[in-house]
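K.L.:
With the input below, show me the fold.
(2 chains)
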Amino acid sequence: MEYAIELKGITKSFGPVAANKNINLSLEKGEILALLGENGSGKTTLMNMLSGIYMPDSGSIFIDGKKVSINSPEDSGKLGIGMVHQHFKLVERFTALENIRIGMRDAGRFMHGADVRKKIEDTAAKFGFDIDLDKTVANMAVSEKQTLEILKVLCYGAKIIILDEPTAVLTVQEIDRLFDVLRKMKEEGHSIIIITHKLNEVMAISDRVAVLRHGEYIDTVVTKETNEKALTELMVGRKIELNIDRPVMEKTHPLLEIRDLTIKNDEGAVAIDHINFYIRGGEMLGVAGIAGSGQKELCEAIAGLRKIEDGQMIHEGESIVGMSPKKILEHGISMSFIPEDRLGMGLAPSLSITDNMILKNYNESKGIFVDRKSARVEAQKVIDRLEVVTPSTETPVRRLSGGNVQKVLLGREIKSGPNVLITAYPVRGLDINSSYTIYNILNEQKKKGVGILFVGEDLDVMLALCDKIMVICHGKLQGVVNSNHTTKEEIGLMMTGTINIVNKEGKTDGIAKDSAFTDEEVKA
Amino acid sequence: MKKYHLVRRADAKLSRTLIFYAVGILVSLTIGAIVLGVLGINPFDYYGKMFTIGLVGNRYGYKSIEGLLKIFVPLLITSLALSLSFKMRFWNIGGEGEFLIGAITASIIAFNSSGMPNFVTVLLMCLAAMISSGIIGIAIAALKVRFNTNETLMTLMINYIMLYVIRYIGETKADWNFFLREDSERPKFGTFPDSAVMTGIPMGQFKLLWSVIIALALTAIVYVYLKYTKQGYEISVVGDSSATAKYAGMSVGKIVLRTMFISSAMIGLAAALTVSASGTISDTVTNNVGWTGIIVAWLSKLSVPAVFVTSILISILQYGCQAAATQYPAIDSNYADLLQGLILFSVLVADFAANFKIVKKEEAKNA
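P.N.:
This next block holds a predicted model:
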């Protein structure tokens, strides 16, 4: 039979990292296909190739049975493919109508022609959209913006619609409404690919599910013939034995305790929702969760870079809420945060390794001058100890490769001798050897009695490396599990919100028995 | 579909940059030569006079040097000041306005200084100019820090506000207006009393003004400040990534305010030195240093030694053009401006060509 889209042997690499390996995928006409996979499994890369943002290194794409080459988003649009990105691509100051109009190439000269409005209104009515065409995007709520994005691609005549995590930003009622629209589109003969992590939504909306894992195509199953547990297994895979050490240490008292912490993200939505947890000295606590479940906000809040809405953060018995990043640093909480672009926070990319070494303590030396002499010695020490590959200590960090950048960052954090180390995605984009170096560095710190918060993405690694793993889903705590007594599947189900073990089996998760909190503080 | 792409060259070789610069300057000089030829002037003669800034065969050669330095000092200080804020990625394009504020406040003191000791007056002029320009700089920085206003717009508008303020002063005959000459019917800026005119170290007929020494000292100070001090380090970090600066515990707002104050105050100082050296003020007192300084700073890639060299070269170009133009009745200073524009433009193009290359789109994707 003829498929709406058929992908054969698609491969795409970014430098040494293969994002998609030999992927075969098919989308039937008039079906809703869910694309399922963990972070970094290559879903978005694959879809970006369909929408003309990337070009595959090898493999072929067939649309309606015909082989095509998609060189630009324009090509993609002409082939009837429309993508609704996770981050909206709208002009904030334009109205809904104008946003749709600017992409209509063949609708005459005028921005506000009557026929333009008619066409948009007709399309909206056909699919049951409720939208005010004269509202500016800046005044729209998130769900309205999304409606607009979908209406936009429909107005451009797309027959194949790709939605990248459309439900991540919506409330339950809004999701229901979105699904109604999707079903209507399906009735009209459109084919839809929906990327999502949430298994209950997959079950609710899709006809078939395609699963990717680590850039590889795993399988496509018919939704009716599967269940959430089977899908989780496909998604996370069987446990792989990794040779990562996990020294068991005598745990000390709770160093960092977090109670009822609530944080909002930049958009003002709740990112972390009343979370409790603690880290003891000599312990590594993993944080597992689908990307964007509040990990970034949590790290920033602990480091004092983000305001908290509610709750308490106590470090060695002293509240760090409202302290400046500098004060928190002086308290011994050190964060090496590796955001998506890796160099964004934590390092100044154009400055040398030496200059980056002293980023946090340049002010400690006496006088008005920066003490570069000892900084250079420190830099050399880090380079030697962590085997950083660099021409010299004066090389700008920007010129180093990913693994070496990470080593510099971690090296500096460790140098200051913290007692709580927060590290997020420290091995992202690194090869195996560099990753093991990083694990060893972290383990050494743990042996010294440092409490480590490890925000990670690879469950195999976290199970091997961390003592305990706390799982969050949409900012809510799903439970804290012991790495020795859990399975990858269990964590996977917790990550997708399918199970929640907080306060089950008589446990009080996230609150230490020997807490430094006094009774008054708990009440307050 | 666009077939070609601009790609930054991976290796920045100094030799290539210099070759491109040389080619660019040669091209602009050739165009200038054609214009000269059309006017019936031997271009080699003209260029010879221009590059020797009228020194050769001139009994009053020292005057040429003095004239050159009068252009050089404000340009150098302003370029240094702008480099300081650009290094922080604060786009201060209000050099003209900040200069004029300083010039006006310095002149207020100058016109009212009869009988005061010279040293005290000039010192007061400098201080007043630095404080007034600095306050404007800090005000714009504060708006940026507090309300995230666009500093490019703010600093740009200051230029026009101050330009019209000084024109108003220069064209309004009134009792309060001590800026103007009393003995002239038409409004005309007066000259400073001797107490406010910059002195220097006499070397034969030539007089080395204190302002030159101050400018040289400032260059050294700014070099050390940016390269070795903690505050200079903070400027680099904030400029590189303000998120990182915050994460490192720096108070970014304070650093921005402080740096903008220093930057504007330096421009104010340049203004005070300029009006004191020329002994008067006018609405063309800036000689466009606020604009030229931007070009100097960027051509120098914000490096202090390079700013120093570039300022000298541009001063020679400016002064040489003017000096040569005076000797030919067929051309006036407009030609000097034209040639300057040509050379600066071609150097900027050369700089661009030295740093980027054009490649076909396919290669860009594979790169």
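
K.L.:
Put the alpha carbons of the helix or strand hosting A:Ile491 into CSV.
P.N.:
Under the criterion of DSSP states H and E, A:Ile491 resides in helix A:488-495. Taking Å, rounded to 0.1, in the frame of the first residue of the first chain, the C-alpha atoms of helix A:488-495 are listed here in CSV:
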residue,chain,number,x,y,z
LYS,A,488,14.8,0.5,34.6
GLU,A,489,11.2,-0.2,33.8
GLU,A,490,10.0,1.0,37.1
ILE,A,491,11.9,4.3,36.7
GLY,A,492,10.6,4.6,33.1
LEU,A,493,7.0,4.2,34.3
MET,A,494,7.6,6.8,37.0
MET,A,495,9.2,9.2,34.5
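
K.L.:
How many residues are close by A:Met140?
P.N.:
Using other CB atoms under 10 Å in any protein chain shown, A:Met140 has 20 neighbouring residues. For glycine as for every other residue, the C-beta is placed from the backbone atoms N, C-alpha and C.

K.L.:
I'd say it and A:Glu149 touch.
P.N.:
No: A:Met140 is beyond contact range of A:Glu149, at 10.7 Å (criterion: CB atoms under 8 Å).

K.L.:
so what pLDDT did A:Arg376 get?
P.N.:
Note for A:Arg376: predicted pLDDT of 93.

K.L.:
roughly how far apart are it and chain B?
P.N.:
Distance of A:Arg376 to chain B, computed by CB to the nearest CB, to the nearest Å: 13 Å.

K.L.:
show me the contacts for whatever residue of chain B ends up closest to chain A.
P.N.:
Closest contact between chain B and chain A, by CB to the nearest CB, is at B:Gly249 (3.0 Å). Applying CB atoms under 8 Å, 6 or more residues apart in numbering or on different chains, we find B:Gly249 in contact with A:324-326, A:329, A:360.

K.L.:
Around chain A, pick out the residues from the stretch 101-250 of chain B.
P.N.:
When proximity is defined by CB under 8 Å from any CB of the partner chain, the stretch 101-250 of chain B lies next to chain A at B:228-233, B:236-237, B:240-241, B:243-249.

K.L.:
Please convert the buried members of these into PyMOL selection syntax.
P.N.:
Buried residues among these (16 or more other CB atoms under 10 Å in any protein chain shown), as a PyMOL selection:
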select buried, chain B and resi 229+230+232+233+236+237+240+241+243+244+245+246+247+248+249
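
K.L.:
Restricted to helices, list the residues of the stretch 101-250 of chain B next to chain A.
P.N.:
Those of those mapping onto helices are B:228, B:230-233, B:236-237, B:240, B:243-247, per DSSP state H.

K.L.:
Quick check: buried residues in stretch B:131-139?
P.N.:
B:132-134, B:136-139.

K.L.:
Make CSV from those and add pLDDT, distance to A:Lys89 and secondary structure to it.
P.N.:
Listed next are the buried residues of stretch B:131-139 as CSV, based on pLDDT from 0 to 100; distance: CB to CB, whole Å; DSSP: H, G, I helix; E, B strand; the rest coil:
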residue, pLDDT, distance to A:Lys89, secondary structure
B:Ser132, 97, 47, helix
B:Ser133, 97, 43, helix
B:Gly134, 97, 43, helix
B:Ile136, 95, 40, helix
B:Gly137, 96, 38, helix
B:Ile138, 96, 39, helix
B:Ala139, 96, 37, helix
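
K.L.:
Skip the chain neighbours and tell me the closest residue to the closest residue to chain B within the stretch 401-524 of chain A.
P.N.:
The nearest approach of the stretch 401-524 of chain A to chain B comes at A:Arg412, 10.1 Å away (CB to the nearest CB). Among residues not flanking A:Arg412 along the chain, A:Met357 sits closest, at 5.5 Å (CB to CB, 6 or more residues apart in numbering or on different chains).

K.L.:
Give the burial count for the one you found, as a bare number.
P.N.:
27.

K.L.:
secondary structure element for the residue in the stretch 101-250 of chain A that chain B sits nearest to?
P.N.:
Of all residues in the stretch 101-250 of chain A, A:Arg105 sits closest to chain B, at 13.9 Å by CB to the nearest CB. For A:Arg105, there is no helix or strand it lies in under DSSP H and E.

K.L.:
hmm, back to that, with pLDDT added, can I get the ones in helices among the residues of the stretch 101-250 of chain B next to chain A in JSON lines?
P.N.:
Listed next are those as JSON lines, based on pLDDT from 0 to 100:
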{"residue": "B:Tyr228", "pLDDT": "93"}
{"residue": "B:Lys230", "pLDDT": "94"}
{"residue": "B:Gln231", "pLDDT": "95"}
{"residue": "B:Gly232", "pLDDT": "95"}
{"residue": "B:Tyr233", "pLDDT": "95"}
{"residue": "B:Ser236", "pLDDT": "94"}
{"residue": "B:Val237", "pLDDT": "94"}
{"residue": "B:Asp240", "pLDDT": "90"}
{"residue": "B:Ala243", "pLDDT": "84"}
{"residue": "B:Thr244", "pLDDT": "86"}
{"residue": "B:Ala245", "pLDDT": "89"}
{"residue": "B:Lys246", "pLDDT": "85"}
{"residue": "B:Tyr247", "pLDDT": "81"}
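
K.L.:
what helix or strand does A:Val480 sit in?
P.N.:
strand A:476-482.

K.L.:
let me redo that: A:Ile244
P.N.:
Judged by DSSP H and E, A:Ile244 forms part of no helix or strand.

K.L.:
who touches it in this structure?
P.N.:
A:Ile244 sits next to A:436, A:439, A:461, A:464-465 when contact means CB under 8 Å, 6+ apart.

K.L.:
go on, B:Ile161?
P.N.:
With CB under 8 Å, 6+ apart, B:Ile161 has these contacts: B:Gly97.

K.L.:
ok, A:Phe127 touching A:Arg183?
P.N.:
No: taking contacts as CB under 8 Å, A:Phe127 lies outside contact range of A:Arg183: 10.1 Å.
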